[in-house]
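Asks: when you get a sec, could you give me coordinates for this:
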Amino acid sequence: MIPIAMLTRYFDLSLDLRDVCVWLNSRHVDVVFGICVDRNYSSKPGVISHVVVACDERDTRRILRDAATLALQALGYTVGPTGGDVYDIGPASRDEMSAHQKLRSIRRIQDALNGKYSAPKDYSRPRPTDEEIASLPVDDEF
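Replies: Sure, this is the predicted structure:
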């Protein structure tokens, strides 16, 4: 049974997938892979169609896909392919994550697998506000 707090939560699939990817990388350090999630256009938030993993070996691809699917289900997603058209969602960028942020992501997935949900954190750089952009100097002589 899914806790009520998870039923009303906002799903941010790209951040959740980023954390799953960091977790998979920590468990399979010798494997280079890519990952994305297919969603049906008509699906409700929290429903995914498929987890797609790209790597060289078929058996490894299956292991990674099953682990990623299990982790996403632990985060509250359900797998419900409808057979209709799908679109891909990739993970949020992991390039600028610190080691501490990666450890938090790994812990978050481990906690979710143990039944303890926590919301994802967005580690991307904050975008400037409209006021900050308006206060920037403008060079009209270009």
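Asks: following the longest helix seen in the chain, which helix or strand comes up?
Replies: Longest helix in the chain, counting residues (DSSP state H): helix 58-74. Using DSSP states H and E, the helix or strand that follows helix 58-74 towards the C-terminus is strand 78-79.
Asks: any chance you could list what contacts that next one?
Replies: Defining contact as Cβ atoms under 8 Å, 6 or more residues apart in numbering, one finds that strand 78-79 is touched by 46-51, 69, 72-73. For the C-beta atoms, the positions are set from N, CA and C on the backbone; glycine is no exception.
Asks: which one of the residues you listed is nearest residue 92?
Replies: Proximity to residue 92 was ranked across the contacts of strand 78-79 by Cβ to Cβ; first place goes to residue 72, at 14.2 Å.
Asks: so what's that closest one up against?
Replies: 16-17, 20, 37, 48, 51, 79.
Asks: could you do residue 111 as well?
Replies: Contact analysis of residue 111 by Cβ under 8 Å, 6+ apart lists 117-118.
Asks: isn't there a strand covering it?
Replies: No: counting by DSSP: H, G, I helix; E, B strand; the rest coil, one finds residue 111 to be helix, located in no strand.
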